[in-house]
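S.K.: Let's see this in three dimensions:
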Amino acid sequence: MTSRFLTAAALTAAASSALGAASATPNIVIILADDMGWNQVAYQGSPWYETPNIDRLAREGTAYHGAYSAAPICSPSRAALMTGKYPARLRLTDYIPGQPFETRPLVTPRMNQGLPLAEITLPERLHARGYINGLFGKWHLAETYDYEPGRPMDPESQGFDVVYHTVKPTEKSVITKPDAHNAVSITDNALAFIRQNKDRPFFCYIAHNVVHMPLGEDRELVSKYANKSGADDPRNHPVMAAMIERMDGQIGRVLDELDKLGLSQSTIVVFASDNGDVRALQSQAPFRGGKSMLYQGGIRVPTAFRWPGTVRAGVTVPDSQPIITQDIFYTVAEAAGCDISDLPSHNGTPADGISLLDQLRTGVTLPDRALFWHYPHYHAQGGMPGSAIREGNHMLIQWAEGELLGVGPATSLYDLSADEAQETDIAASNTGIAMRLREKLNAWKKSVGAQEMTVRAASPRLE
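M.R.: This is a model prediction of the structure:
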């Protein structure tokens, strides 16, 4: 019996049978970039950014053209990756600690200031399968951005055995410190962990700080891109390109080490980003918007899976089969044979994600399903509060100010097959579709206990 879904009742049998001759406990390496846009990898079509090692992952494995992050911002997407749950269900929907924006007309709900200890994380589930777990880089799921070894909600309390934690550099150090974003030191420590644990199953979570602000890199490397044809294109950013090149080189070191140790065929490697890039710094074209926004530019991200001999190579799954962050959790959990039968389900089908393993191995078409987002927050980089649903080719965004204050549209509807840039709102001419998706979105929010915004009592109604 094989299962396209990671169902509660059939997980153990499905994992055992579906893996067949493959290792029952493959090593797992997840590499997560920070704020890296969908269009900042060469394999996605960029002729300007140089990402040979990320491209290698896509070429030697399966890439997803329609991959989405669980949120347009970092902490909730990372929480979704660690738990397999929608951020709205976790009540962790903005970066930690977030901002109240007390002069704005809607009140932001009080979210969890960290990933609750009651949640059973991916590394905790992998422990039951005999894995040793290491985190190298950014965490950002505790009450503060800084790290205190052993503190509740820091990595050791969430299932990690080995931790090398880093934070983004200061505005000064990004100019004066070599490897200011720690791409090299993160990789050095990750490689040491892999070598030390090459004879047992391991989970190596490499969470880079690239390309999060503040921006900065080696002057010569930046100059290479500043002088490159196309540097004036708004989609291209010389400093980001230099940062990405350094990170990409470190990803290459990881892949080379797996080859050297003879671990490539027994290791599933996943590359993804936590959300889109900042619109004010780099255009997300062909998509609209950017980080913090519910438009595609804020939530479409590069994602690829490699597992030689198990995952099909040289395949790009089209946008008609979109995936989301939680699917990474379900996929590697199924590959490892984890029992996650306690996760929420609807009629035996997981509510918050699916395993992609069958598709990665055989090419089976993913089931039709809706994907959801909930972002009840304002953001300094332009994000406005709202929720969204994608079903088939349609994406509907529900705007909180429009719903609660009558300011602007209550909903916007886009046909992504004809308008991936979301330039034309077709809600007014497709009221039936808009109403159906709005009702489905509201039902989903209710089912996961999504926190909603309220009108600020002292604020006058906007005009």
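S.K.: Settle this for me: residue 246 is touching residue 185, isn't it.
M.R.: No: contact criterion Cβ atoms under 8 Å: residue 246 and residue 185 do not qualify, at 11.6 Å. In short, each C-beta sits where N, CA and C put it, glycine included.
S.K.: Can you pull the residues that touch both of the two?
M.R.: residue 179 (Cβ atoms under 8 Å, 6 or more residues apart in numbering).
S.K.: how near is residue 33 to residue 77?
M.R.: 11 Å (Cβ to Cβ, to the nearest Å).
S.K.: Please work out how many residues are found near residue 47.
M.R.: 10 (other Cβ atoms under 10 Å).
S.K.: give the contact list for it.
M.R.: Per Cβ under 8 Å, 6+ apart, neighbours of residue 47: residue 230.
S.K.: hang on, the earlier thing: so between residue 246 and residue 185, which is more surrounded?
M.R.: residue 246 (19 against 15).
S.K.: Now do the same contact list for that one.
M.R.: So residue 246 contacts 179, 181, 183-184, 210, 217-218, 221 (Cβ under 8 Å, 6+ apart).
S.K.: So which of the residues you listed belong to helices?
M.R.: Cross-referencing the contacts of residue 246 against helices under DSSP state H gives 183-184, 221.
S.K.: Can I have the buried ones of those as a ChimeraX selection?
M.R.: Typed into ChimeraX, the next command selects the buried ones out of the ones in helices among the contacts of residue 246 (criterion: 16 or more other Cβ atoms under 10 Å):
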select :183,221
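S.K.: quick one on the thing from earlier: could you pull out the residues contacting both of residue 33 and residue 77?
M.R.: In contact with both residue 33 and residue 77: residue 274, using Cβ under 8 Å, 6+ apart.
S.K.: Is it correct that residue 354 is in contact with residue 366?
M.R.: Yes: using Cβ under 8 Å, residue 354 is in contact with residue 366, at 7.2 Å.
S.K.: Name the residue in those two with the higher neighbour count.
M.R.: residue 354 (25 against 17).
S.K.: element containing the more buried one?
M.R.: Using DSSP states H and E, residue 354 maps to neither a helix nor a strand.
S.K.: residues in contact with stretch 316-324?
M.R.: 58, 62-70, 80, 303, 353, 356, 359, 365-366, 371, 390, 393, 416, 420.
S.K.: Pull out the CA atoms of stretch 329-340 and give them to me as CSV.
M.R.: In CSV, the C-alpha atoms belonging to stretch 329-340 read as follows (Å, rounded to 0.1, in the frame of the first residue of the first chain):
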residue,chain,number,x,y,z
PHE,A,329,7.4,18.5,6.7
TYR,A,330,5.0,15.8,5.6
THR,A,331,7.4,14.6,2.8
VAL,A,332,10.5,14.2,4.9
ALA,A,333,8.4,12.8,7.8
GLU,A,334,7.0,10.1,5.5
ALA,A,335,10.4,9.4,4.1
ALA,A,336,11.7,8.8,7.6
GLY,A,337,8.7,6.7,8.6
CYS,A,338,7.6,9.0,11.4
ASP,A,339,4.3,8.4,13.2
ILE,A,340,2.4,11.8,13.1
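S.K.: which stretch of helix or strand covers the residue nearest to residue 241 when sequence neighbours are not counted?
M.R.: In space, residue 241 comes closest to residue 225 once its chain neighbours are excluded; the distance is 4.1 Å by Cβ to Cβ, 6 or more residues apart in numbering. Per DSSP H and E, residue 225 falls inside helix 219-226.
S.K.: thinking again about what came up before, I'd like the contacts of residue 246 as TSV, with pLDDT appended.
M.R.: As requested, the contacts of residue 246 are arranged in TSV below (pLDDT from 0 to 100):
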residue	pLDDT
179	93
181	97
183	98
184	98
210	98
217	96
218	95
221	96
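S.K.: Out of those, which is nearest to residue 26?
M.R.: Using Cβ to Cβ, residue 183 comes nearest to residue 26 of those, at 25.4 Å.
S.K.: Okay, that closest one and residue 217: tell me how far apart.
M.R.: Taking Cβ to Cβ, one finds residue 183 at 10 Å from residue 217.
S.K.: hey, what's in contact with both of the two?
M.R.: In contact with both residue 183 and residue 217: 243, 246, using Cβ under 8 Å, 6+ apart.
S.K.: Count residues in the vicinity of residue 260, would you?
M.R.: Neighbours around residue 260, by other Cβ under 10 Å: 11.
S.K.: Backbone torsions only: list them for it.
M.R.: With angles defined as degrees, to the nearest 10, residue 260 sits at phi -60, psi -40.
S.K.: related to what we said a few turns ago, now the helix holding residue 225: buried residues?
M.R.: 221-222, 224-225.
S.K.: which residues touch that helix?
M.R.: 231, 236, 238-239, 241-242, 245-246.
S.K.: Domains in this structure, by residue range?
M.R.: The record's domain parsing of the chain by automatic domain parsing lists 11-370, 372-455.
S.K.: tell me the most buried of these?
M.R.: Burial of these is given as mean neighbour count (mean count of other Cβ atoms under 10 Å); domain 11-370 ranks first at a mean of 20.
S.K.: And the strands in the stretch 51-200 of the chain, which stretches?
M.R.: Here the stretch 51-200 of the chain has its strands, by DSSP state E, counting those that start in this stretch, at 62-64, 67-68, 106-107, 132-137, 162-165.
S.K.: now for those, which one comes closest to residue 257?
M.R.: strand 132-137 (13.3 Å).
S.K.: Show me what that closest one is packed up against.
M.R.: helix 122-127, strand 162-165, helix 183-196, strand 202-207 (3 or more Cβ pairs under 8 Å, 6 or more residues apart in numbering; DSSP states H and E).
S.K.: With distance to residue 296 added, can I get these in JSON lines?
M.R.: Formatted as JSON lines, these follow (distance: least, Cβ to Cβ, whole Å):
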{"stretch": "helix 122-127", "distance to residue 296": "27"}
{"stretch": "strand 162-165", "distance to residue 296": "32"}
{"stretch": "helix 183-196", "distance to residue 296": "27"}
{"stretch": "strand 202-207", "distance to residue 296": "23"}
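S.K.: between those, which one is nearest to residue 430?
M.R.: Comparing these by Cβ to Cβ, helix 122-127 comes nearest, at 39.1 Å.
S.K.: That closest one packs against which elements?
M.R.: Using 3+ Cβ pairs under 8 Å, 6+ apart, helix 122-127 is in contact with helix 74-83, strand 132-137, strand 202-207, helix 325-336.
S.K.: Tabulate the CA atom coordinates of it in CSV.
M.R.: Extracted C-alpha coordinates of helix 122-127, given in CSV (Å, rounded to 0.1, in the frame of the first residue of the first chain):
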residue,chain,number,x,y,z
LEU,A,122,9.9,17.6,13.2
PRO,A,123,13.1,16.9,15.1
GLU,A,124,11.2,15.6,18.0
ARG,A,125,9.4,13.2,15.7
LEU,A,126,12.6,12.2,14.1
HIS,A,127,14.1,11.3,17.5
